[in-house]
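Novice: task: produce atomic coordinates for the following.
(one chain, ligands or ions: 1)
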Amino acid sequence: MSRQKVTFLGPVGTYSHQAALQQFPDSSKYELIPSSSIPSCFEAVLSNNEIEYAVIPLENSTNGQVVFTYDLIRDVLNKNNNDESSKSINDYNNRKYPPLNIIGEQYVKIEHCLVVSDKDDLKNFDSINFENLYSHPQVWGQVSEYLNKPDFKGKFKNIIDCKSTSEAMLRCKEDKQKGIHSLAIGSGAGAKVNECEIVEEGINNMKGNTTRFLTFVKRKDNEKQLSTLLLNSESLNEKSEEKIVMLTFTTLKEGPGSLVEVLKIFQNFNINMTSISSRPIGQQSGKWQYIFYVEYDYIEGLNWRDEILKEIDDRCLTWALWGIFPRDPGYYV
Ligand SMILES: O=C(O)C(=O)C[C@]1(C(=O)O)C=C[C@@H](O)C=C1
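Specialist: Now for the predicted structure:
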């Protein structure tokens, strides 16, 4: 039987690669396929019939949201809104059905290293004035103290964003081929895979720095039941007592109280909300509108369909249930 395909933010050696290995450790059942950017990961799992799963970074413990991912969740929902299957299975007035479901989460410790392309640059590090410093944009906030160190600030001319930390190292190697001395920041695993040399390890501002990743799967047609979402995630993860629900919504009206009206539902049912985020969805009638992302504990035995989701449907302009998935033990490390 052919292996199921999983895409992740590549190339190999990224932190996303590490997260994908954690989520899909059995290489006899799963084939990990790198995508060149976070948008192309979404594109691959949405439009490539062979790709079943995608492992995508969502947030970092020191510099917060990976906004590329939050915006893609928002945009995927809007794009899919006109999708016929989403209309045909609509069992509420304002519910949208995303084309992907979230069925898992992974946590990866972020231990950034400063790397050079080869042993020569390592040996001559002190005497070289480097041209470029490459990394993923999410990294700059995680190493801001190191970048501002007096003895490092003047070491390079340009800071250049790359699509991933491993791509940053590839760019560093390419520069050296052209006789340009450059630097990159990424993981120790990435340095090994890309045959770069580590100048300094553990340069992130906070040692406990962790990035949280979500595992997405294509939503099967007509899959709407909560229970199916739950089964999906249990088939992939060890059984976990604690389950998390990811829900997105836009509020019925702007102005005071519109958000509170929705959040009160969780309070009324004594449901513990574990996170809330928002991203703009543009201006309507001259006012900024937002999509909200909430996560909360999934409590067995509550009447989700006819009570909680019904109330959410009554109090939201639109809403979508992205998945119910087990809390990974990495959350507590
Ligand atoms: O570039 C990588 O290695 C990634 O996996 C992306 C990413 C991110 O998007 O946050 C993942 C972990 C770190 O926070 C830095 C970068």
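
Novice: any idea how far Ser35 is from Ser127?
Specialist: 39 Å (Cβ to Cβ, to the nearest Å). Using the backbone N, CA and C atoms, a C-beta is placed for each residue, glycine as well.

Novice: these two: which has the busier surroundings?
Specialist: Applying other Cβ atoms under 10 Å to Ser35 and Ser127 shows that Ser35 carries more neighbours, namely 24 against 6.

Novice: name the nearest residue to the more buried one, sequence neighbours excluded.
Specialist: Cys41 (4.3 Å; Cβ to Cβ, 6 or more residues apart in numbering).

Novice: just give the number of residues close to that neighbour.
Specialist: Count around Cys41 with other Cβ under 10 Å applied: 28.

Novice: again, but for Asn78
Specialist: Asn78 has 12 nearby residues by other Cβ under 10 Å.

Novice: residues in contact with it?
Specialist: Taking Cβ atoms under 8 Å, 6 or more residues apart in numbering, we find Asn78 in contact with Ile281.

Novice: state the helix or strand in which it lies.
Specialist: Element membership of Asn78, judged by DSSP states H and E, is helix 67-80.

Novice: near the ligand, anything from that helix?
Specialist: No. Using Cβ under 6 Å from any ligand atom, helix 67-80 never reaches the ligand; the gap is at least 7.2 Å.

Novice: may I see the buried residues of that helix?
Specialist: Buried residues in helix 67-80, counted by 16 or more other Cβ atoms under 10 Å: 68-74, 76-77, 80.

Novice: would you mind putting those residues into a markdown table with pLDDT alongside?
Specialist: Formatted as a markdown table, the buried residues of helix 67-80 follow (pLDDT from 0 to 100):
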| residue | pLDDT |
| --- | --- |
| Phe68 | 93 |
| Thr69 | 96 |
| Tyr70 | 97 |
| Asp71 | 95 |
| Leu72 | 94 |
| Ile73 | 95 |
| Arg74 | 94 |
| Val76 | 89 |
| Leu77 | 85 |
| Asn80 | 66 |
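
Novice: what two of those are the furthest from one another?
Specialist: Phe68 and Asn80 (18.1 Å; Cβ to Cβ).

Novice: how about the residues of the stretch 101-250 of the chain that lie near the ligand?
Specialist: 110, 136, 138-139, 164-166, 186, 211.

Novice: go through those residues and flag which are in helices.
Specialist: Counting by DSSP state H, those place 138-139, 165-166 in helices.

Novice: can you pull the buried residues of stretch 30-45?
Specialist: For stretch 30-45, using 16+ other Cβ under 10 Å, the buried residues are 30-35, 37-45.

Novice: what comes into contact with it?
Specialist: Stretch 30-45 has contacts (Cβ under 8 Å, 6+ apart) with 3-12, 14, 17, 20-21, 24, 51-57, 66, 68-69, 72, 76, 100, 163-164, 167, 216-218.

Novice: what's the end-to-end length of that stretch?
Specialist: 14 Å (Cα to Cα, to the nearest Å).

Novice: ok, now stretch 126-143?
Specialist: Stretch 126-143: ends 20 Å apart by Cα to Cα.

Novice: tell me how far that stretch lies from the chain's centre.
Specialist: 22 Å (Cα atoms, centre = their mean, to the nearest Å).

Novice: hmm, Gly266 is touching Glu295, no?
Specialist: For the record, residue 266 is Phe, not Gly. No. The criterion here is Cβ atoms under 8 Å, and Phe266 misses it with Glu295 at 10.5 Å.

Novice: of these two, who's got more company?
Specialist: Legend: neighbour count by other Cβ under 10 Å for Phe266 and Glu295, higher for Glu295 (21 against 18).

Novice: what bridges to that one?
Specialist: Met246, Ser275 (DSSP bridges).

Novice: distance of Ala259 from Ala44?
Specialist: Actually, residue 259 is Leu. It isn't Ala. The value you get for Leu259 to Ala44, if Cβ to Cβ is used, is 34 Å.

Novice: what about the buried residues of stretch 30-45, which are in strands?
Specialist: Residues of the buried residues of stretch 30-45 located in strands (DSSP state E): 30-35.

Novice: let me have those in CSV, adding distance to the ligand as columns.
Specialist: Converted to CSV, these look like this (distance: Cβ to the nearest ligand atom, whole Å):
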residue, distance to the ligand
Tyr30, 18
Glu31, 19
Leu32, 13
Ile33, 15
Pro34, 11
Ser35, 11
